Every structure is written in C-alpha cells, then in structure tokens.
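# how would this look folded up:
(one chain, ligands or ions: 2)
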Amino acid sequence: MGQSPSLVARLASLAPTISVGILTADLMALGADLARLDGTGVALLHFDVMDGCFTPMMTFGPPLVKAVRTPLLKDVHLMIDEPLEKLGDYVAGGADVVTVHAESCTHIHRVLQRLGTMENANDPARGIVRGVALNPGTPIAVLEPLLDELDLVHLLAINPGWGGQKFLPATMGRIADVRRLLVRAGRRILLGVDGGITRENVGTLAGSGVDLVVTGSAVFDGKAPAENARTMLAALRAR
Ligand code: DX5
Ligand code: ZN
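Ligands and ions are numbered 1, 2, ... in the order given. Alright, predicted model coming up:
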C-alpha cells in the first residue's frame, strides 16, 4: 500500500492545521459539540486511545472511534501497549491517521509495515497516514531507521496520559531537529506536535514548520469551541 499520497498531500496542502482532541468535548452531547466545529476550517478529529498500561489513564477503544460519525478525518493516537495486532480494529473504525508510539512497540518497523498493507475503511483510495509518536524523553534518532515507513512524525510536548498539561519548551528544539531529519528523507513527511498547546502559546508554533497541531482543552473548553478553533488556526497561520 505504501505512503498514502492522497491523504498526505491533502494534509500537506492544509498545513499548518489543527487536529482537535475529543477528550474534553461534552461526551454527553458529543454530536452537538462536534457539529460546532463545522465551517471552522478544522480538518481532523484527534482520538486519544489510552489503555491504562502504556499510559496511566484509560480512555476508549475501537467502538467509540467507529461510533463517531463525522466528515472530519479521524486522527487516531494509539497510546497502547503492543498495537501490532490491534491496528485492524481502529482501521475498521474508520481511522485515516494511525499514530503509534515507538516506545510501545517491540517491533515498531513491523507495525508500520503492517499498517502500510491496510486499506482505509472510509475510502480505499485515501490510504492511511502512518504516524510515529515520540514521548518527550525519547531521542529523535529513533526515527532514522523508520523514515521509509512513515508519513507523520508526532512529537509529544507533554508526557502522555492527560490533556491540559504544560507545553515542554524543549519541544521547540526537537521540532527543529526533526525538520532537519525529514529534509534528509527526500519525500514529504508530515510533522505534528501534541499536548499543552493553547490559544496563548500556539503563536510560537507559527513558522516553526509544524504541519499538524493537536489541541484538546484549548478548543473544547466548555465555552466556545468554534471561536477557539478559529483563533488557534489564525494564530498558527499568522506568518
Ligand atoms: C495526551 C494526548 C494529547 C492531549 C492533548 O496524552 O495525546 O492529545 O489530550 O490535550 P491538550 O491539548 O489539552 O493538552
Ligand atoms: Zn494525542
């Protein structure tokens, strides 16, 4: 299956853009809350899957990813131990982007190869964007042997498990390091950052070369998600 040119190209054309986390949405009225993003320019919905083993927190699994009906792209962040045999359920749930943690796989290269053989359940022509996430304590060098098998590098700016944490300043240097590495890859690989990004600090990412900013509590804050999303996008695209 290889890289999904249509989806990677589509996300590259939207970059920089935001992927909105649903963890802090009103889960009692999720459909209504998601509908409030219509027309804001948000293109992706971020599903934080946590198994209570790889991260202390446990959230949800494939049934919820499948149950959410949305025109937005499903950006599934797997914070689960050993995802290799679990990928199929998330792909069947309509995942467009599947991001696995290098730290959670005994064989990360094999996980990416397996993902590369899978078909997008929404539209086979779309392919699936294969992401590798790195926790703040994981060296960027881990990515080097994987460059031929990934479409997205997903840097965590916090330690995974909770929304609403503080953005780690060292992330800015890591963004620059990954950008230098991706230039060497010789093909378009997306760069994402996730965690602790707020209306106040998102502007520091403008012009940093980040394609995808994941933000949860800054958008679904229980008050004005649509306005928050527009503010974040405008600030990210300010330069
Ligand atoms: C943390 C998740 C993040 C987090 C983002 O483990 O991967 O996506 O929910 O939430 P905020 O934007 O509130 O930090
Ligand atoms: Zn996430």
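
# which element is R130 on?
Using DSSP states H and E, R130 sits in strand 129-134.

# Quick check: next helix or strand after that strand?
Counting by DSSP H and E, what follows strand 129-134 is strand 152-156.

# do that next one and ligand 2 meet at all?
No. Using Cβ under 5 Å from the ion, strand 152-156 never reaches ligand 2; the gap is at least 7.5 Å. Every C-beta, even on glycine, is put in place using the N, C-alpha and C of the backbone.

# low-confidence ranges in this protein?
1-5 (pLDDT under 70).

# Of all the helix elements in it, which one is longest?
Longest helix in the chain by number of residues, with DSSP state H as the criterion: helix 171-185.

# buried set for that helix?
Going by neighbour count (16 or more other Cβ atoms under 10 Å), the buried part of helix 171-185 is T171, M172, R174, I175, V178, L181, L182.

# And that helix, what does it pack against?
Helices and strands in packing contact with helix 171-185 are listed as strand 152-156, strand 190-194; criterion 3 or more Cβ pairs under 8 Å, 6 or more residues apart in numbering; DSSP states H and E.

# Columns distance to ligand 1 and mean neighbour count on top of those strands, output as TSV?
Output for the helices and strands packed on helix 171-185, formatted as TSV (distance: least, Cβ to the nearest ligand atom, whole Å; neighbours: other Cβ atoms under 10 Å):
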stretch	distance to ligand 1	mean neighbour count
strand 152-156	7	25
strand 190-194	5	25
